[in-house]
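S.K.: Got a sequence here, can you build the structure:
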Amino acid sequence: MIRKTAVAGSWYPDNPTRLAVELDLYLNDATVERPSHPPRALISPHAGLTYSGPVAAFAYKLLHGRSYRAIVLVGPSHFLPFRGVSIWPAGQWQTPFGPVDVDATLAHAIRAECVDILELPAAHGREHSLEMQLPFIAHLLPGVPIVPLVMGHQTREAAFELGNGLANAIRSTAHDPNDSNEPSVLLIASSDLSHYESADVASRMDAVMARHVEALDPEGLMTELEREPRHACGGGPMVAVLQAARRLGASQARVLRYADSGDVSGDKASVVGYLAAAAF
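M.R.: The predicted model follows:
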C-alpha cells in the first residue's frame with residue numbers, strides 16, 4: 001500500500017535538494033524558545049509551502065534533536081465528504097526524500113479504539129492536508145513512521161471520540177505506560193484557519209481559535225467551531241489532537257506563530273489564516 005504524492009512539484013518542490021534548501025530557510029528564520037520537554041502535539045497549517053512553510057517552521061523547529069517512535073497525523077478531507085475517519089493502515093507514503101513507513105501496529109490499535117475509523121483510500125488520494133506535513137517530518141525525523149488519519153464530517157462526537165481513542169491507543173502501545181514525562185508519539189493536527197476574509201477580519205476570527213488553543217481547551221474550541229464553522233478547515237482535527245494531548249498528560253500549550261497569506265502575496269483583502277502551536 002503506497003500512497004503516491006499528489007501535490008509534489010506544485011505545492012512544494014519535488015526535487016529533494018531544492019526542498020531541503022527551502023525547508024532549512026524557513027526553519028532558520030523561525031525563532032522559538034526551546035522547551036525543556038518535547039511537544040506532545042503540534043498544530044500546523046497545510047497551504048502551499050511558500051505560504052504555510054514560514055509558519056509551520058515555528059512548530060517543526062521544536063522537533064530538532066528530538067526523537068519519537070511514531071507520529072499520528074490528523075487532517076481534514078477537502079474533496080470527499082464522508083462520515084467517520086479514514087486511516088491509512090499500513091505501507092508507505094512517498095516523499096521527495098524517500099518513502100515514510102506507516103506504523104501498522106499503532107494504526108491497528110487506533111482502529112480498535114475508535115468505532116468511526118474506516119479504510120477509505122479515496123479520502124487520501126488527492127488530499128493535501130497530511131501530505132503538506134511530510135516534507136518537514138521526513139526532513140527532520142527521518143525513519144520515524146506515521147499513522148495518517150483524514151476526518152470526514154467534523155462533528156463533536158467524531159472529534160472527541162477520535163481524541164479519546166488516540167490517547168487510549170498510544171497509551172496501550174507504549175513501552176512504559178506510566179512514563180508521562182517524555183512523549184513517545186507525536187500528534188499533529190493539520191489545519192488552516194479562516195478563509196477569504198480581509199486580513200483585519202481574519203485576525204479577529206483567528207484570535208478566537210488561538211485563545212482556545214493556548215488554553216488547551218478542546219471543549220471551548222469545539223463550541224466555537226459549532227457556532228462559526230468558518231473559523232478553521234481542520235477544526236475537528238485540532239479538537240481531537242488537543243483532547244488526546246490532554247488525556248496523555250499535556251498541561252500547557254503555546255501559540256508559536258500567526259500569519260496570513262497576504263504576508264506572502266501582498267493581498268490583504270482576501271486571506272487565509274495560518275497558525276503554528278504546540279502542546280506540552
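S.K.: Let me see the ranges of the strands in this protein.
M.R.: 2-3, 41-44, 70-76, 85-87, 92-93, 100-101, 117-118, 146-151, 185-190, 195-197, 253-260, 271-279 (DSSP state E).
S.K.: want to throw these into CSV with mean pLDDT, mean neighbour count and distance to Glu33?
M.R.: Just so you know, the C-beta spots here come from the backbone N, C-alpha and C atoms, and that holds for glycine as well. CSV is the format used below for the strands of the chain (pLDDT from 0 to 100; neighbours: other C-beta atoms under 10 Å; distance: least, C-beta to C-beta, whole Å):
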stretch, mean pLDDT, mean neighbour count, distance to Glu33
strand 2-3, 98, 15, 35
strand 41-44, 98, 29, 15
strand 70-76, 98, 25, 22
strand 85-87, 98, 25, 34
strand 92-93, 98, 20, 31
strand 100-101, 98, 18, 29
strand 117-118, 98, 18, 36
strand 146-151, 98, 27, 27
strand 185-190, 98, 28, 19
strand 195-197, 96, 16, 30
strand 253-260, 98, 21, 9
strand 271-279, 98, 26, 11
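S.K.: So the closest residue to Glu224 other than its chain neighbours versus Gly262, what's the distance?
M.R.: Among residues not flanking Glu224 along the chain, Val208 sits closest, at 5.8 Å (C-beta to C-beta, 6 or more residues apart in numbering). With the distance defined as C-beta to C-beta, to the nearest Å, Val208 ends up 19 Å from Gly262.
S.K.: ditto for Thr155
M.R.: Thr155 sits 32 Å away from Gly262, going by C-beta to C-beta.
S.K.: same question, Asp116
M.R.: For Asp116, the distance to Gly262 equals 37 Å [C-beta to C-beta].
S.K.: What of Ala138?
M.R.: Distance from Ala138 to Gly262, by C-beta to C-beta: 29 Å.
S.K.: More neighbours: which of those two?
M.R.: Ala138 (24 against 18; other C-beta atoms under 10 Å).
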